[in-house]
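In: pasted the sequence and its predicted model underneath.
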Amino acid sequence: MRPHPIHALFACVTALLLSPAIGLAQEATPKSVSLTAGLGYVSSAGNSEVQTLSVTDKLVGRNGKWLLTQDGDALWGTNAGVENAGRYLFGLRGDREVSKRMAIYGLAAWRRNVFGGVSRQFEEGVGLAYHAIVPNPQLLDFEAGVGLLQRRNTLGQDESFSTGRLGAVYRYFFKEKTYFDVQGVYLANFETTDDYEWDSKLSLVAPLSNTFAMKLGYTYHFRNVPPAGIEQWDSTFSAAIQATW
């Protein structure tokens, strides 16, 4: 039986944990502005003609008590010349530190996933973030907020409703640039309680040099009430090279 891709991810984590060369992270002074971009590409020909391209970016700016973040994620794929994957996400977020443990945030996001029944989706929200554990060698954040969501499905139907948002982030630093993290977001529809969705993401990053790193990732998206004929979930396992400046 072929191993599931998620098993490969956890095997890598276990190998890192057992490596005697790994030490605890040393907390570094953060840059005022940093950019991380990732690229993954797979192409096959002959008996199977498959192409898959994934692109990610994350731009972070810090100014006093403010933290501004822009992130993007795109996945596109074809099989025998026919598009069979297309998921796109663009987000903006601002965090304002209230204390060492608490921050307030505002966010806006755009999503498109025609194979998941979403022609376009906009989300706006505000909330609180609590830093339960600060870095060195790990961090743990919890978030809670409210917002609005506007969605058009691939049948041309529009809907707009208020939302509740719960989130969590856990990250463990094996050393300064080598880390494993888990992120999860639950989004509730206040007007139709059955129509909830959640996203989870697992990542393992190990540096190849001061600029480049290898990233293994697994994402899972679940929507309880998708349009007719659409699966409730999407998942992706990826291996990519990323660069940070």
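Out: That came in fine, so what should we check first? None of these values were measured; they are calculated from a predicted model.
In: show me what the residue most central in space within the chain is bridged to.
Out: By CA atoms, centre = their mean, the mean C-alpha position of the chain lies nearest to K201, the distance being 5.4 Å. On the basis of DSSP bridges, K201 takes part in beta bridges with Q183, T219.
In: surely P207 and F174 touch.
Out: No: here P207 lies out of contact with F174, judged by CB atoms under 8 Å, at a distance of 10.7 Å. In short, each C-beta sits where N, CA and C put it, glycine included.
In: and those two? Which one has more around it.
Out: When P207 and F174 are compared on other CB atoms under 10 Å, the one with more neighbours turns out to be F174, at 21 against 15.
In: can you give the strand pairings for the strand or helix carrying the more buried one, parallel or anti for each?
Out: In this structure, F174 is located in strand 158-175 according to DSSP states H and E. The strands that strand 158-175 pairs with in its sheet are strand 138-153 (antiparallel), strand 178-189 (antiparallel) (by DSSP bridges).
In: avg pLDDT for that strand?
Out: Strand 158-175 shows a mean pLDDT of 96 in the predicted model.
In: can you give me the buried ones in it?
Out: Within strand 158-175, the residues that qualify as buried by neighbour count (16 or more other CB atoms under 10 Å) are 163-165, 167, 169-175.
In: as TSV, the strands paired with strand 158-175 with distance to S119 and mean neighbour count would be great.
Out: Shown next, in TSV, are the strands paired with strand 158-175 (distance: least, CB to CB, whole Å; neighbours: other CB atoms under 10 Å):
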stretch	distance to S119	mean neighbour count
strand 138-153	5	17
strand 178-189	18	18
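In: can you check which of the ones you listed gets nearest to N224?
Out: strand 178-189 (9.2 Å; CB to CB).
In: in this structure, mark out all the strands, start to finish.
Out: 33-44, 50-63, 66-79, 82-97, 102-113, 118-133, 138-153, 158-175, 178-189, 197-207, 212-223, 233-244 (DSSP state E).
In: what residues are up against the residue nearest to T178 when sequence neighbours are not counted?
Out: Using CB to CB, 6 or more residues apart in numbering and skipping the chain neighbours, the partner closest in space to T178 is A206 (5.0 Å). Taking CB atoms under 8 Å, 6 or more residues apart in numbering as the criterion, A206 is in contact with 16, 177-178, 213-214.
In: out of those residues, flag the one nearest to V42.
Out: Of all those, the one sitting nearest V42 is M214; the distance, using CB to CB, is 15.2 Å.
In: next up, the contacts around the closest one.
Out: If you count contacts by CB under 8 Å, 6+ apart, M214 has them with 205-206, 208, 239-242.
In: list the contacts of stretch 119-134.
Out: Counting by CB under 8 Å, 6+ apart, 95, 100-112, 139-154, 156, 163, 165, 187 sit against stretch 119-134.
In: from the contacts of A206, pick the one nearest G91.
Out: Each of the contacts of A206 was scored against G91 by CB to CB, and A213 proved nearest at 21.5 Å.
In: how about that closest one: what's its closest non-neighbour residue?
Out: With CB to CB, 6+ apart as the measure, P207 is the residue that lies nearest to A213, at 4.7 Å, once sequence neighbours are left out.
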